[in-house]
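Engineer: heads up, no residue letters with this:
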Ligand SMILES: Nc1ncnc2c1ncn2[C@@H]1O[C@H](COP(=O)(O)OP(=O)(O)OP(=O)(O)O)[C@@H](O)[C@H]1O
Ligand SMILES: [Mg+2]
């Protein structure tokens, strides 16, 4: 509230955004967030977290049950067409007309966004070049590979030069090469001044390429910040221990309390595997190992690393995203 | 491969001005899409056009005797001449009933969502389907009349009768195309859509005068056929086919009934489609 000026510049602003589907499924539970101009913002979460539902309310494909979502200060429920004109949306599933050529698909898209016919050819050339489909522009989409279809789908979200590009799982199920290309396009869009909001459940991607991340689970935002901020909130580096099955019980009753007593241990999460957050990391890890061994418990596997977003996820939700 | 256009800065945001004839731009672009799709489905075009000819040739021969038996009831001694109007009407009806099909597939493929997130008006989607379906029906009707002509059937009332046939076909086409679009939005899966349109189309066909004159029907059925829009279109078209001077009163009444039907469907569908699309 105090930063009224800054917040009025937000490209996206969700206020207590909530969606309850028929049948009472609470898909999005009172989300508040803002996306600032020029950033790449990711919604990161596991299957069914509510990412797509949030996106659908943003792009006017679904109505919020309560709360509201604003794009460029415009309420998506009040003036949907003005919101639509500002957004380029690329859905989770590839949606292109396979009986048309890439160029024909883009021409359709351009006309639906009211780009005058005379202005269309250069725009279309531009986006075709961006997604490297110029050579195949006049071939039927039927003859394209999966990655090419996805790239065309992304291009069609760009013909009208949206202020905000919204991508729902842009790299899901794609090969590494295509994923790298898509991230390259996204980075180029951002440096051209476009704001990008995307969803993903690839943590490494979100970590490397996004400015800010909202971790979403069960319809709620569990943590929000830059990748570095989020990882620092884990509170230390992570030591993962796999104890032998026979020692599991002893691990909980004896090892846990003993580790918690050590000066460099910040937190212990009981479970399989056992997680120990330590600080400073590199010099404390051997101490953890020694303490467990001294308790007479057999360590089957030992792993030490700097925190990843998965650790962040685990910390804020109590579950691993990789399951 | 990279070109100058891909360099940073070229793809920056730009405000898109909404041109006044936006509705026509959208409608034209969508209609073009249906035309391109169809033109690349050669088999669909070929079989789509041939289907009514099959009716014409098959029924024309099988029933060729019945009209000679009661020319007073059929209005002609040629069943082929009697039936040409019916085939035109039911072809128009059949096409219109399938008018919503591409939207079903668009919804299942995500293409519909992609269209709906653009600032285009929802009406252009409906209009484009109507234009395409009507144009296809028109082409089929012309082909039916041509083949009938080659088989010796003349439009008794000449050019004016021809115009009357097109007019009444159009009125029939509007209502059922919009009905089909409405059903496409109402039913979540294409299975339900096809079941319901089939369920509607069959009785429409057999409880109309498209294949048999009403005089040979039981009294109860005669009352029912007059509640069927297909009967009105058929009767007007048949009148124009068989009589040198078409019946103006019949034309006016049938037009009024079909316009009323179209208006009712349109009114109902607008509500449904708007609710589904917002
Ligand atoms: N149309 C719908 N009707 C009813 N429930 C729905 C509908 N769409 C989604 N849901 C439910 O809402 C919840 C959130 O789904 P959503 O698609 O938003 O998740 P997501 O984060 O995008 O997941 P994923 O990573 O699998 O795409 C899930 O429990 C899902 O079953
Ligand atoms: Mg999703």
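Structural biologist: Structure received. Quick caveat: nothing in here was measured; it's all calculated off a predicted structure. Ligands and ions are numbered 1, 2, ... in the order given.
Engineer: where does the stretch 1-150 of chain A have low pLDDT?
Structural biologist: Applying pLDDT under 70 to the stretch 1-150 of chain A flags the ranges A:1-8.
Engineer: Return the residues of it in contact with ligand 2.
Structural biologist: Contacts of the stretch 1-150 of chain A with ligand 2, taken as Cβ under 5 Å from the ion, map to A:51, A:52, A:92. The C-beta positions use only the backbone N, C-alpha and C, and glycine is treated the same way.
Engineer: The second one contacts residue A:168, correct?
Structural biologist: Yes. Assessed by Cβ atoms under 8 Å, residue A:52 is found in contact with residue A:168 at 5.6 Å.
Engineer: And the lowest mean pLDDT element among the helices and strands of chain B?
Structural biologist: Lowest by mean pLDDT, DSSP states H and E among the helices and strands of chain B is helix B:64-69, with a mean of 71.
Engineer: Name the residues of that helix that are buried.
Structural biologist: By neighbour count on 16 or more other Cβ atoms under 10 Å in any protein chain shown, the buried set for helix B:64-69 is B:66, B:67.
Engineer: Same check on stretch A:252-268?
Structural biologist: Buried positions in stretch A:252-268, judged by neighbour count with 16+ other Cβ under 10 Å: A:255, A:256, A:258, A:259, A:262, A:264, A:265, A:267, A:268.
Engineer: swap in stretch B:100-117?
Structural biologist: B:100-104, B:106-107, B:109-117.
Engineer: So which of these belong to strands?
Structural biologist: Applying DSSP state E to the buried residues of stretch B:100-117, no entry is found in strands.
Engineer: What is the nearest of those to residue A:202?
Structural biologist: Nearest to residue A:202 among these is residue B:110, at 21.1 Å by Cβ to Cβ.
Engineer: Name the nearest residue to the closest one, ignoring sequence neighbours.
Structural biologist: residue A:95 (3.4 Å; Cβ to Cβ, 6 or more residues apart in numbering or on different chains).
Engineer: quick one: contacts for that neighbour?
Structural biologist: A:153, B:109, B:110, B:111, B:113, B:114 (Cβ atoms under 8 Å, 6 or more residues apart in numbering or on different chains).
Engineer: again, but for residue A:312
Structural biologist: By Cβ under 8 Å, 6+ apart, the contact set of residue A:312 is A:215, A:223, A:230, A:231, A:233, A:234.
Engineer: among the residues you listed, which ones are buried?
Structural biologist: Judged by 16+ other Cβ under 10 Å, buried ones among these: A:215, A:223, A:230, A:231, A:234.
Engineer: follow-up on the earlier one: show me whatever sits in contact with both of residue A:52 and residue A:168.
Structural biologist: A:92, A:199.
Engineer: Go through the buried residues of stretch A:252-268 and say which is closest to residue B:95.
Structural biologist: Residue B:95 has its nearest neighbour among the buried residues of stretch A:252-268 in residue A:267, at 68.8 Å by Cβ to Cβ.
Engineer: packing partners for the helix or strand where that closest one lies?
Structural biologist: Per DSSP states H and E: residue A:267 is located in strand A:265-269. On a contact count with 3 or more Cβ pairs under 8 Å, 6 or more residues apart in numbering or on different chains; DSSP states H and E, strand A:265-269 meets helix A:256-260, strand A:274-278.
Engineer: pLDDT wise, what is residue 248 at?
Structural biologist: Here I'm looking at chain A. Looking at residue A:248, its pLDDT stands at 73.
Engineer: right idea, wrong chain: chain B
Structural biologist: So, for residue B:248, pLDDT stands at 90.
Engineer: a markdown table for the buried ones among the contacts of residue A:312, including secondary structure?
Structural biologist: Converted to a markdown table, the buried ones among the contacts of residue A:312 look like this (DSSP: H, G, I helix; E, B strand; the rest coil):
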| residue | secondary structure |
| --- | --- |
| A:215 | strand |
| A:223 | strand |
| A:230 | helix |
| A:231 | helix |
| A:234 | coil |
